[in-house]
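1. I would like to see how this sequence folds:
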Amino acid sequence: MEQAGLTVKDLVPYIGRVNRVYEVLNGKRGLTIDMIRNLHRNLGIPAESLIGA
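-> Got it, this is the predicted structure:
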């Protein structure tokens with residue numbers, strides 16, 4: 001986020017409501033397949049890095 005200059009509000013269209021974005025960022029909720037697809041397609045984040053090991 002920092003490298004791209006994104007804010008939490010910038011991620012809302014790809015992840016969901018603001019509280020959902022915070023849950024994902026704080027590790028309380030994982031990314032869903034739809035979230036991964038949205039982030040990959042719209043922000044160019046490699047899907048492999050979003051899926052993890």
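
2. Can you report how many residues lie near residue 49?
-> Neighbour count for residue 49, taken as other Cβ atoms under 10 Å: 10. All C-beta spots, glycine's among them, are computed from the backbone N, C-alpha and C.

3. Could you tell me the model confidence score at the closest residue to residue 46 other than its chain neighbours?
-> Leaving out its chain neighbours, the residue that sits closest to residue 46 by Cβ to Cβ, 6 or more residues apart in numbering is residue 40, at 7.1 Å. On the pLDDT scale, residue 40 is placed at 97.

4. Which helix or strand contains residue 40?
-> helix 33-43 (DSSP states H and E).

5. where are the low-confidence patches of the protein?
-> Low-confidence segments of the chain (pLDDT under 70): 53.

6. Please enumerate the helices of it.
-> For the chain, applying DSSP state H gives helices covering 8-15, 18-25, 33-43, 47-51.

7. my read: residue 36 touches residue 52, true?
-> No - between residue 36 and residue 52 there is no contact under Cβ atoms under 8 Å: 10.1 Å.

8. Which one's more surrounded, the two?
-> Legend: neighbour count by other Cβ under 10 Å for residue 36 and residue 52, higher for residue 36 (19 against 7).
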